[in-house]
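> Next input, structure requested:
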Amino acid sequence: MTTHDLSDVPAAPSLLAYAHERTEPVLREAVGALQPELRRVCGYHFGWTRPDGSPTYGVTPGPYPHAALTLHAAGAGEPERDGRAPESSTAAALPGAAAVELVHNWAALHDDVMDGEALRRGRSAVWAVYGTGWAVLAGDALLGAATRCLLLSGEPAGADGARPGAESAGPDGPRTGPDGAEPIAATSNFTATATQDLTATGTQGLGAAGAEGLAGAMAPGGAAARKERAAVLRLLTRTTSRLISGRSAELALRRRAPEGISVEEYAAVAAARTSSLLECALAGGALLGGAEERVVEVLTRAGHHLGIAVQAARDIEDLWSGTGLSGRPVMSGLREGGPSLPLITALRAGNPAARTLARSLGGGPACPPPPDELADLIENAGGRAAAHEISAWQLSEAYAELDKAALPPASNAALRALFRHIVTRA
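This next block holds a predicted model:
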């Protein structure tokens, strides 16, 4: 899939598969630049290898939803030609797509350690396999790799195929991919291809000097591209700060009784913990695609609403779906003491079922009622319906902001499909 036809925009799973196809080589390159032991740990985390470093076969790869948002938001900056979204904007956004996925996985590795969560996407979490030290270090390595994706994406490969700053060999020999495959440093020359396409198709009639000037401005190391990548790097830095602040706020809420937590406090934590990276994915893609500032701002607001919708939906899954959808045991989030929207809204409902629920929680989070009983109490008090209503409303607000951006139709349709899928998994 190289273009998006307006008459038949692919369903969300196809859009995610496309993002996976385009982004995974960049992620493998980033992980391949790490120290050998860290390559093995991170390769396992991404599902590419077994704990011993041998390749996995038949393992369903994890989706890259943040990367998908970035790639399709990049179409906001370039008009469609012949009813199709331009491939050049997708290529320009690949460093940002990989960077947001690396930041997401940094946060996931650390979250699993702090929560004591032993499962991640249906497999043993990294800390449960390698220990907490390696899990924390692997997360830090991925955060550094995210920055490197943006800083080095415009640098030409050296004679050995490696980019400046990339490790060419480790103590165990020449650098290879996490699965032991051939060297991968030069597998994603995406920006070079985009520049060649632009030079070939977009400089006719400018004359030699004009064509050279446009090619230089749009080249990976050109002024326009450098400015866009610098803006995305600043955005990514602010996003990591928000993620850390949001995690801190969430831990603080865990010390409080759930009946004392307001929906507004919940939304503030969800915005920092979940919306922030979705905002970054959308805004970063638009920036790298050359969108106007107005479009970047509108997509940021869409990401804000999308994140709260996602978090509310995941809280519902935590109580009533469990491993089948999330890859985590049922009620794992609630047992960890994190703020849960169905529980918060149920306790504030003011009906007899809410009072029964409050009495059942008198023993505190360490002594909750049996899972099925607690889920029934929350549902009877109206918590499930209220959380679903909030999630649906936030998703509708995300759609409304997306429409305000006035994106090319293919980009709008793709992002709407992704929004719906990320929230509802449908």
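
> Ramachandran coordinates for the most centrally placed residue in the chain?
Central residue of the chain (CA atoms, centre = their mean): residue 66, 3.1 Å from the mean position. Main-chain torsions, residue 66, degrees, to the nearest 10: phi -70, psi -40.

> Next up, the contacts around it.
Going by CB atoms under 8 Å, 6 or more residues apart in numbering, residue 66 touches 97, 100, 101, 104, 277, 278, 280, 281. Placement of C-beta: from N, CA and C, glycine included.

> I figured residue 42 hits residue 139, correct?
No - using CB atoms under 8 Å, residue 42 makes no contact with residue 139, being 9.1 Å away.

> Counting residues, which helix of the chain comes out longest?
In the chain, assigned by DSSP state H, the helix with the most residues is helix 223-254.

> And it, what does it pack against?
Counting contacts by 3 or more CB pairs under 8 Å, 6 or more residues apart in numbering; DSSP states H and E, helix 223-254 is packed against helix 87-115, helix 132-152, helix 207-218, helix 263-270, helix 276-288.

> what's the fourth one in contact with?
This points to helix 263-270. Residues contacting helix 263-270 (CB under 8 Å, 6+ apart): 246, 249-250, 253, 307-308, 311-312, 339, 341, 344-345, 348, 390.

> In terms of helices and strands, where is residue 397?
helix 383-404 (DSSP states H and E).

> Following element in sequence after that helix, please.
helix 409-424.

> and that next one, how far out from the chain's middle?
15 Å (CA atoms, centre = their mean, to the nearest Å).

> and the angle from that helix to helix 383-404?
Helix 409-424 and helix 383-404 are oriented at 170 degrees to each other (axes from the mean of the first three to the mean of the last three CA atoms, to 10 degrees).

> Report the buried residues of helix 409-424.
By neighbour count on 16 or more other CB atoms under 10 Å, the buried set for helix 409-424 is 410-423.

> Going by distance to residue 321, which of those wins?
Taking CB to CB as the measure, residue 321 lies nearest residue 423 of those, at 13.6 Å.

> The closest one and residue 121, how far apart?
18 Å (CB to CB, to the nearest Å).

> Same question for residue 302.
Taken as CB to CB, the span from residue 302 to residue 121 is 26 Å.

> my guess is residue 320 contacts residue 375, does it?
Yes - with contact defined as CB under 8 Å, residue 320 counts as touching residue 375 (6.1 Å).

> Which of the two has more residues huddled nearby?
residue 375 (20 against 15; other CB atoms under 10 Å).

> mind checking which helix or strand the more buried one is in?
Counting by DSSP H and E, residue 375 is part of helix 371-380.

> which intervals of the stretch 151-300 of the chain have sub-threshold pLDDT?
154-222 (pLDDT under 70).

> let's go with 50 and repeat that
By pLDDT under 50, the weakly predicted segments of the stretch 151-300 of the chain are 156-162, 164-220.

> what's the answer for the stretch 1-150 of the chain, then?
Residues of the stretch 1-150 of the chain that meet the cut-off, pLDDT under 50, sit at 1-7, 81-85.

> a markdown table for the helices and strands packed on helix 223-254, including distance to residue 49 and mean neighbour count?
A markdown table is the format used below for the helices and strands packed on helix 223-254 (distance: least, CB to CB, whole Å; neighbours: other CB atoms under 10 Å):
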| stretch | distance to residue 49 | mean neighbour count |
| --- | --- | --- |
| helix 87-115 | 15 | 25 |
| helix 132-152 | 13 | 21 |
| helix 207-218 | 37 | 14 |
| helix 263-270 | 33 | 19 |
| helix 276-288 | 25 | 30 |
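
> Quick one: closest of those to residue 403.
Closest among the helices and strands packed on helix 223-254, using CB to CB: helix 276-288, at 13.9 Å.
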